Each structure stands twice: as structure tokens, then as C-alpha cells.
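[1] no sequence for this one, just the structure:
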């Protein structure tokens, strides 16, 4: 009986216009937020962390945010860093990825290529460079792992 239903649905599906098929698929599929953040070291080997206004449990974190429609990972992170800090960055590699039921997060590693730190005070309370052995306690463990992974020269860490 189940095989019969599958055959009938497959035959009916071919008569549904493509646009409507895509809308049906979109409505039935789970939706995920895509987050992109990144590790930026200064010349002294310290990592840039931001204290976020709206992150209460772990206020310190890597610069980043949510991907917007039409962006790729690099464009998203460059935009977020520019919006939060006024810095421009180049991306070197992907150092970590994490998937949950609601989101998928990518953590990149990059270099500061220009700009002076000017914070978006709506979202960011403070920016500071920390030595890897002196990271704040209020830093999420996934960001801490990504920083360590970047230090080790690893190309990808899934957590």
C-alpha cells in the first residue's frame, strides 16, 4: 500500500508546475539559521573578541552574525566584521563548523586588512584582544575550541 501511494504521488508531482513544487518543498523542509563568525589574530598573536549587548550567558565572542539571503560565507563574515567593528578582513580558511536543530555555524580564520576599530554601540559593548591563554570565562566553549583549532593550524573542526 505504501509503495502504491508513493507511485501515485510521484505521478501527480510531475504535473505540478516547478514554481509550486519549490514552494511546497520550501514549506515542508526545516529552516536553519546560518551563522558565520571568525578568528582574527593581531601581530602579537592575540585574538579579537567582542562583548555583545544581547548575549547574556556568554557575552564575549568572535565577531560575526547571521547570513543574509544571497551571501556566501566570506561575504557574510566580511559584512558582519565591518558592521560591528569597522574593520575589513580577508579570509584564510574554515576552522570550525557546528550544526544544531536550528542553526549551522561556520567559524573562519582571517586577517585584518584595514580600518580602525569603531564599534557599533547598538550591538557591541566592547572590543579587546586577548592572549589565547587568557580568554575570558564568559566565552562560549565552541568559540574557545575554534580559537585553539586556529592556533593549531587545523583546517576544520566539527563540534
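    Thanks, I have it. Note that this is a predicted model, so its numbers are computed, not measured.

[2] Can you tell me which residue is spatially central in the protein?
    Centroid check for the chain by Cα atoms, centre = their mean gives residue 36 as the closest residue, at 1.6 Å.

[3] Can you say which helix or strand has that residue in it?
    strand 33-40 (DSSP states H and E).

[4] Show me which residues of the helix or strand following that strand are buried.
    Using DSSP H and E, the helix or strand that follows strand 33-40 in sequence is strand 47-52. Buried residues in strand 47-52, counted by 16 or more other Cβ atoms under 10 Å: 47-52. C-beta: built from backbone N, CA, C; applies to glycine.

[5] still on that earlier bit, what's the distance between the residue nearest to the centre of the chain and residue 45?
    23 Å (Cβ to Cβ, to the nearest Å).

[6] again, but for residue 90
    For residue 90, the distance to residue 45 equals 18 Å [Cβ to Cβ].

[7] what does residue 106 give?
    For residue 106, the distance to residue 45 equals 23 Å [Cβ to Cβ].

[8] now residue 74
    Using Cβ to Cβ, residue 74 is found at 23 Å from residue 45.

[9] Which of those two has more residues huddled nearby?
    residue 74 (17 against 10; other Cβ atoms under 10 Å).

[10] so where's this structure shaky on pLDDT?
    The chain contains residues with pLDDT under 70 at 154-159.

[11] Break the chain down into its domains, please.
    1-30, 32-152 (automatic domain parsing).

[12] before we move on, back to that, out of the buried residues of strand 47-52, who's nearest residue 116?
    Distance to residue 116 across those (Cβ to Cβ) is lowest for residue 48, with 12.9 Å.

[13] correct me, but that closest one touches residue 60?
    No - the pair residue 48 / residue 60 is not scored as a contact, 10.7 Å apart, by Cβ atoms under 8 Å.

[14] gap between residue 35 and residue 115?
    As judged by Cβ to Cβ, residue 35 and residue 115 stand 22 Å apart.

[15] More neighbours: which of these two?
    A count of neighbours by other Cβ under 10 Å puts residue 35 above the other of residue 35 and residue 115, at 18 against 13.
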